[in-house]
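Chemist: requesting a structural model of the entry that follows:
(one chain, ligands or ions: 1)
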Amino acid sequence: MKRFMTCIECPQGCRLEIETDGARMISAAGEKCERGPAYAKQEIEAPMRTLTTSVLTRGLELKMLAVRSSKPIPKGKLLEAMDAVKRITVTVPVRAGDIVVSDLLGLGADLVACRTLTRL
Ligand code: SF4
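Modeler: Coordinates of the predicted model:
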């Protein structure tokens, strides 16, 4: 099965022609460096995404706090992660980069604050 994708590892944006058996990459063409096939293989066989969202706060200067995962997590776990994030309420001041939840869902990524929030 032939498939096309754009490598997003650098601004060159190479158009990759990928041959797959449906679940696994068999070959890649069109890349200008070795990162292209590596990106395509990851994207086809085990796609990962950085989770970016916000959580509720109570008693802080804003009602919501922007958060993100400290590293990409499996794309297939994003909905489960969002369900977990919906149950979080931050009630103490945080600084940008503070860990709000460590090892979210046991995926090895922390949920970190994207900004500093102080009390009301
Ligand atoms: S294949 Fe290499 S040169 Fe092309 S977009 Fe990906 S990283 Fe950039």
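
Chemist: for stretch 25-43, which positions count as buried?
Modeler: 25, 28, 30-31, 36-37, 39-40, 43 (16 or more other CB atoms under 10 Å). The C-beta positions use only the backbone N, C-alpha and C, and glycine is treated the same way.

Chemist: contacting residues for Glu61?
Modeler: Contact partners of Glu61, counting by CB atoms under 8 Å, 6 or more residues apart in numbering, are 117-120.

Chemist: compare these and tell me which has the most neighbours.
Modeler: In terms of neighbours by other CB atoms under 10 Å, the contacts of Glu61 top out with Leu117 at 21 neighbours.

Chemist: may I have the beta-bridge partners of it?
Modeler: Val94 (DSSP bridges).

Chemist: what about the longest helix in this protein?
Modeler: Longest helix in the chain, counting residues (DSSP state H): helix 35-45.

Chemist: helices and strands around that one, which ones?
Modeler: Judged by 3 or more CB pairs under 8 Å, 6 or more residues apart in numbering; DSSP states H and E, the packing partners of helix 35-45 are strand 2-6, strand 15-20, strand 25-29.

Chemist: what is the longest one packed up against?
Modeler: Just to be clear, that refers to strand 15-20. strand 2-6, strand 25-29, helix 35-45.

Chemist: quick one: average pLDDT of it?
Modeler: Predicted confidence along strand 15-20 averages 97 (mean pLDDT).

Chemist: the residue in the chain that the ligand sits nearest to: what's it in contact with?
Modeler: Per CB to the nearest ligand atom, Gly36 is where the chain lies closest to the ligand, at 2.8 Å. Under the criterion of CB under 8 Å, 6+ apart, the neighbours of Gly36 are 7, 9, 14, 16, 28, 30.

Chemist: many thanks, I have nothing further to ask.
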